[in-house]
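**Student:** pasted the sequence and its predicted model underneath.
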Amino acid sequence: MAQQDDFAPIYALGDVHGRLEGLREAHRLIEADGGRDARIIHLGDLIDRGPDSPAVIDLLMEGQAQGRDWQVVKGNHDNKLPRFIEDPGWIDPGPSSPNTWTSDQRNGAAATLGAYGIEDAYDRPLQEVHAEALRKIPRHHIEWLDGLVPNILHPGGFLFVHAGIRPGVDLSAQTHTDMMWIRKPFLESTADHGALIVHGHTAIKKPTHYGNRVNLDSGAGYGGPVSAARLDRNGVWLLTDHGPELMHPEPIA
């Protein structure tokens with residue numbers, strides 16, 4: 001597990017899904033609250049569905065290259081493109097029904113491929129689309145996505161992960177598939193996980209604190225905003241244009 005080594009305010013933002021302006025707005029709110037050197041953890045699902053996936057990757061890569069304290073955990077969508085490049089017939093083990101990246105239109109692969117100049121991905125032969133992807137998608141984008149970490153453990157008592165963890169399983173024994181995909185067992189759990197789990201993956205109307213976890217996925221993949229929060233000694237604060245709002249724990253429905 002990747003770890004931070006001090007306890008200072010830390011910022012997290014939810015799923016981006018190819019929404020460059022949403023990412024920039026979340027960064028703006030964070031910079032207004034914590035300054036340009038704020039430590040930011042991005043909770044994954046950077047690509048798919050939205051129109052600007054390559055630009056989202058470029059922005060984050062450029063920020064890291066400039067020394068910005070930006071970390072990113074791998075979302076299930078971030079895993080799909082590298083696997084597609086390796087094998088266009090790859091079946092994702094996470095969802096309940098087996099599918100490839102391009103066979104289920106809910107994945108939003110066509111938007112990502114289209115942003116790289118690969119048109120009509122759902123209407124053309126798979127091998128033809130794959131061959132064009134090999135030519136047009138920068139290798140450094142694939143390698144960067146593939147190198148993202150599955151989780152980040154912070155000594156302040158926070159675990160940042162895309163989807164969640166399997167309750168009752170030691171953090172060292174969590175699978176990458178669960179951390180990118182899990183829903184029901186995690187979302188319904190009221191257990192103390194040993195850390196406050198900060199995650200995205202499951203879109204909700206607004207970011208919510210459930211006591212043992214915080215969900216920051218406010219539906220950017222469906223036209224919603226990219227939400228950002230500050231975590232510090234005093235709690236979890238949702239960042240808004242009107243200032244930070246303390247997120248009070250709510251019961252799990």
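**Tutor:** Sure, I can see it. Keep in mind it's a predicted model, so treat the numbers as computed, not measured.
**Student:** got the end-to-end distance for stretch 100-107?
**Tutor:** Using CA to CA, to the nearest Å, the end-to-end distance of stretch 100-107 comes out at 9 Å.
**Student:** in that stretch, which residues are buried?
**Tutor:** 100, 101, 102, 107 (16 or more other CB atoms under 10 Å). For glycine as for every other residue, the C-beta is placed from the backbone atoms N, C-alpha and C.
**Student:** dump the residue contacts of the residue lying closest to residue 206 once chain neighbours are set aside.
**Tutor:** Nearest residue to residue 206, sequence neighbours excluded (CB to CB, 6 or more residues apart in numbering): residue 218, at 6.0 Å. Residues in contact with residue 218 (CB atoms under 8 Å, 6 or more residues apart in numbering) are 14, 203, 204, 205, 206, 207, 224, 225, 226, 227.
**Student:** surely the first one touches residue 227?
**Tutor:** Translated: residue 14. Yes. Between residue 14 and residue 227 there is a contact under CB atoms under 8 Å: 4.9 Å.
**Student:** comparing these two, which residue is more hemmed in?
**Tutor:** Neighbours were tallied for residue 14 and for residue 227 using other CB atoms under 10 Å; the higher tally belongs to residue 14 (32 against 27).
**Student:** quick one, phi psi at the more buried one?
**Tutor:** Dihedral pair for residue 14: phi -80, psi -170, per degrees, to the nearest 10.
**Student:** still on that earlier bit, okay if I get the buried residues of stretch 100-107 as a markdown table plus secondary structure and distance to residue 51?
**Tutor:** Converted to a markdown table, those look like this (DSSP: H, G, I helix; E, B strand; the rest coil; distance: CB to CB, whole Å):
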| residue | secondary structure | distance to residue 51 |
| --- | --- | --- |
| 100 | coil | 22 |
| 101 | coil | 17 |
| 102 | coil | 17 |
| 107 | helix | 15 |
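**Student:** what's the most distant pair in those?
**Tutor:** Greatest spatial distance among these (CB to CB): 100 and 107, at 8.7 Å.
**Student:** helices of this protein, start to end?
**Tutor:** 20-34, 53-65, 76-86, 109-115, 126-136, 139-146, 176-181, 184-187 (DSSP state H).
**Student:** of all these, which lies closest to residue 164?
**Tutor:** helix 184-187 (3.5 Å).
**Student:** now the closest one, how far from the chain's geometric center?
**Tutor:** Chain-centre distance of helix 184-187: 18 Å, with CA atoms, centre = their mean, to the nearest Å.
**Student:** can you tell me what sits against that helix?
**Tutor:** Under CB under 8 Å, 6+ apart, the answer for helix 184-187 is 163, 164, 165, 166, 167, 197, 202, 213, 252.
**Student:** change it to 7 Å
**Tutor:** Here helix 184-187 makes contact (CB atoms under 7 Å, 6 or more residues apart in numbering) with 164, 165, 166, 167, 202.
**Student:** highest neighbour count among the contacts of residue 218?
**Tutor:** Busiest of the contacts of residue 218 [other CB under 10 Å] is residue 14, holding 32 neighbours.
**Student:** now do the contacts for the nearest residue to that residue once chain neighbours are set aside.
**Tutor:** Setting aside the residues directly before and after it, residue 14 is nearest to residue 216 in space (CB to CB, 6+ apart), at 3.5 Å. Listed by CB under 7 Å, 6+ apart, the contact partners of residue 216 are 12, 13, 14, 43, 198, 200, 207, 227, 229.
**Student:** closest to residue 149 out of those?
**Tutor:** residue 43 (11.6 Å).
**Student:** quick one: that closest one and residue 200, what's the gap?
**Tutor:** 4 Å (CB to CB, to the nearest Å).
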